[in-house]
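>>> requesting a structural model of the entry that follows:
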Amino acid sequence: MTDGSLMHVRRLMAVLMLAGFGLLAPRLARAQETGIAVGQQAPPALVETPEGAKLDLGKYVGKSPVVFQFWAVWCSNCKALEPQMRAAQTKYGKRVRFVGVAVGVNQSAALARRYATKHQLPFEVLYDKSGDAAEKYDVPATSYIVVVNRAGKVVYTGVGADQNIDAAVRKAL
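Predicted coordinates:
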């Protein structure tokens with residue numbers, strides 16, 4: 001891990017700890033105050049499949065709309081978003097790609113895969129072991145949603161349990 005990646009992981013851990021204690025909740029609950037800017041081109045970022053194969057998130061961009069959720073097995077906000085994500089995937093799954101990027105803080109790819117299988121998560125599960133995706137998408141906390149349109153532009157970002165995923169997806173169509 002490079003010094004820059006290690007610093008980003010430490011920063012992400014600090015933000016996650018503060019968010020978990022509710023100190024940042026009012027700020028983080030509002031969309032578009034943190035994270036990748038709406039209107040920006042979605043960047044490539046290296047992640048892994050649960051089996052450990054390298055994959056670039058850029059492979060999803062520019063083909064169809066895509067919803068990225070940065071999540072963790074221990075994230076209560078992510079758990080609260082599961083019904084909305086399931087409903088959106090059921091409604092838009094033929095037109096929109098749903099990808100869950102498990103952050104590499106306090107979990108492993110195997111743990112993320114087991115959780116996703118047990119809870120039948122409505123998205124393809126990837127693992128951000130190195131923190132590259134969290135860094136490139138400027139992820140402020142888990143439960144972070146990024147919606148990208150067919151042209152590869154970010155049309156929505158939000159964090160927390162109180163997000164309207166259906167409305168966010170409609171912005172990409």
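
>>> tell me where the model's unsure across the chain.
1-33 (pLDDT under 70).

>>> residue ranges for the helices of the protein, please.
In the chain, the helices defined using DSSP state H lie at 3-20, 25-28, 76-92, 109-118, 132-136, 165-172.

>>> residue 55 reaches residue 47, doesn't it?
Yes: here residue 55 reaches residue 47: they are 5.6 Å apart, a contact under Cβ atoms under 8 Å. Using the backbone N, CA and C atoms, a C-beta is placed for each residue, glycine as well.

>>> need the residues touching each of the two.
residue 126 (Cβ atoms under 8 Å, 6 or more residues apart in numbering).

>>> quick one: which of these two has more around it?
Using other Cβ atoms under 10 Å as the criterion, residue 55 and residue 47 rank with residue 47 on top: 23 against 16.

>>> neighbours of the closest residue to that one other than its chain neighbours, how many?
Of all residues not flanking residue 47 in the chain, residue 126 sits nearest, at 4.4 Å (Cβ to Cβ, 6 or more residues apart in numbering). Residues near residue 126, counting by other Cβ under 10 Å, number 23.
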